[in-house]
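A.B. asks: here is the input, now give the coordinates:
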Amino acid sequence: MERIRIKDIAKMADVSVGTVDRVIHGRSGVSETSRKRVEEILEKLDYQPNMYASALASNKKYAFACLLPQHDTGEYWTDVESGIHEALTTYSDFNITVKLTYYDPYDYHSFAHAACNIVETRPDGVLFAPTAPQYTTPFTNELEKLHIPYIYIDSNIKEAPALSFFGQNSHQSGYFAARM
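C.D. replies: Just a heads-up that it's a prediction; the model follows:
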């Protein structure tokens, strides 16, 4: 099935493309008659906006922060970094940047210091490998206060639930290992 474009809807409703755009985004400046006509067509077609096109058109830049443990090349976290860089390349059209920051996994103060620096930059989102809950929670509290979404990588802190968690299911891994 061919994707319905805004200009197709405008033609069907006998209105301008700008009018359709205003209706889709809930903006003012549209007569009630035109609004109803466009909304009926949108509903009839079960129209879903093309998020990719919307993101490209907006030209908004997204700055994310990533906090990972310091590590040597070839260790576990190297693959995580590689995935982040690959995603940046894949989604380069979306104007996304990621600033990688590292903390010493054997020094909790290093995590707290790096977390404070990230909060000061006010990123659009944070991706990080949490440490002990007593050091992670003050960081997540600050992020929540500033309405900055965050996700965990590798470890999940149930006391401070994130928007999402990416990592292995430790229980399932243990169960599988014990069965072997």
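A.B. asks: quick one: the residue most central in space within the chain from Asp46, how far?
C.D. replies: Centroid-nearest residue in the chain: Gly125, 6.6 Å away (criterion: Cα atoms, centre = their mean). Between Gly125 and Asp46 the distance is 30 Å, computed by Cβ to Cβ, to the nearest Å. Any C-beta I mention is one placed from the backbone N, CA and C, and that applies to glycine too.
A.B. asks: likewise for Leu143?
C.D. replies: With distances taken as Cβ to Cβ, Leu143 is found 36 Å from Asp46.
A.B. asks: repeat for Ala87
C.D. replies: Here Ala87 is placed at a distance of 30 Å from Asp46 (Cβ to Cβ).
A.B. asks: my guess is Thr136 meets Ile157, correct?
C.D. replies: Yes: applying Cβ atoms under 8 Å, one finds Thr136 in contact with Ile157, separated by 5.1 Å.
A.B. asks: worst-scoring helix or strand of this structure, pLDDT-wise?
C.D. replies: Least confident helix or strand, the chain: helix 51-58 with a mean of 68, by mean pLDDT, DSSP states H and E.
A.B. asks: ok, and for the next helix or strand after that helix, which residues are buried?
C.D. replies: Once the chain leaves helix 51-58, the next helix or strand it forms, by DSSP states H and E, is strand 62-69. Across strand 62-69, burial judged by 16 or more other Cβ atoms under 10 Å covers 64-69.
A.B. asks: which stretches of this structure have low pLDDT?
C.D. replies: 1-2, 51-58, 169-171 (pLDDT under 70).
A.B. asks: show me where this protein has helices.
C.D. replies: 6-13, 17-24, 32-45, 51-58, 76-90, 108-121, 133-145, 170-179 (DSSP state H).
A.B. asks: what's the most buried one of those?
C.D. replies: Most buried of the helices of the chain, by mean neighbour count (mean count of other Cβ atoms under 10 Å): helix 17-24, with a mean of 19.
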